[in-house]
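In: next input, structure requested:
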Amino acid sequence: MIVKQIKLKMMEVFCYLIGDEISMTCALVDPAFETERVLDIADKEGFKISFVINTHSHADHCSGNADIVDATGARLLIHEKDAPGLNKMRNRLFARVLGGKGSPGADVLLREGNVINIGETPLKVLHTPGHSPGSICLYSNGNIFTGDTLFVGAVGRTDLTGGSHRQLLNSVREKIYTLPDNTTIWPGHDYGHHPSSTIKVERETNPFTL
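Out: Numbering: from 1, shown residues only. Predicted coordinates for the structure are as follows:
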């Protein structure tokens, strides 16, 4: 399993390339901006993009979906509770404001416990509502991609439509903090200029979840 963290310039968003070295296929998680650069990185690494996975439907995580899907034919995956948000007018307009495009509809609707197989690399879907009703994290091989549920030293905002602070804290404590201590956390934004952390560090030091 290859993890390549791609920091996008706008809104400090992290896009992730998750690659399988056997099949040389990969998934892109939250390819929001700079799609030509992201495609070039995948090409230089020698990976074929099979999936685009959104951790949630907010425009700052999905406004690059259309360009990636058009260029590669990748399948688009998102949790069933956030799938309707991809096509909401407000979301599409915000994507345009950010310099992206409205997203196409999802090819696959995800649920808790689903496994996405990137070649020989399995990604387990953890439904972690709170930032949005259909927020997910992806877990595989000692790595968890937390989207806007958990950052390094912070958590995602819960004041947007469908957000719930109680749900978010439950998601973090029951779905994320129960993973092994040495699991690497890969967040959706570079909050405070810290690109990654571990379960042990966040459980013991994150002031928003103590």
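
In: hang on, residue 207 packs against residue 153?
Out: Yes - if you go by CB atoms under 8 Å, residue 207 and residue 153 touch, sitting 7.2 Å apart. (Each C-beta comes from the backbone N, C-alpha and C, glycine too.)

In: show me which of those two is the more surrounded one.
Out: residue 153 (17 against 8; other CB atoms under 10 Å).

In: make sure the more buried one is actually in contact with residue 204.
Out: No - counting by CB under 8 Å, residue 153 sits too far from residue 204 to count as a contact (11.6 Å).

In: list the residues that contact both of the two?
Out: Common neighbours of residue 153 and residue 204, counting by CB atoms under 8 Å, 6 or more residues apart in numbering, are absent.

In: tell me the centre residue of the protein?
Out: residue 55 (3.6 Å; CA atoms, centre = their mean).

In: so where is this protein shaky, pLDDT-wise?
Out: The chain contains residues with pLDDT under 70 at 89-100.

In: do a quick rundown of the helices in it.
Out: Here the chain has its helices, by DSSP state H, at 35-45, 59-62, 65-72, 89-97, 165-171, 199-205.

In: most packed of the ones you listed?
Out: Across those, averaging neighbours per residue (mean count of other CB atoms under 10 Å) puts helix 59-62 on top, at a mean of 25.

In: so what does it touch, helix or strand wise?
Out: Contacting helix 59-62 under the criterion 3 or more CB pairs under 8 Å, 6 or more residues apart in numbering; DSSP states H and E are the following elements: helix 89-97.

In: quick one: contacts for the nearest residue to residue 20 once chain neighbours are set aside?
Out: Spatial nearest neighbour of residue 20, excluding adjacent residues (CB to CB, 6 or more residues apart in numbering): residue 119 at 3.1 Å. Applying CB under 8 Å, 6+ apart, we find residue 119 in contact with 20, 22-25.

In: what residues are bridge-paired with residue 26?
Out: residue 19, residue 49 (DSSP bridges).

In: surely it and residue 50 touch.
Out: Yes - counting by CB under 8 Å, residue 50 is a contact partner of residue 26 at 6.8 Å.
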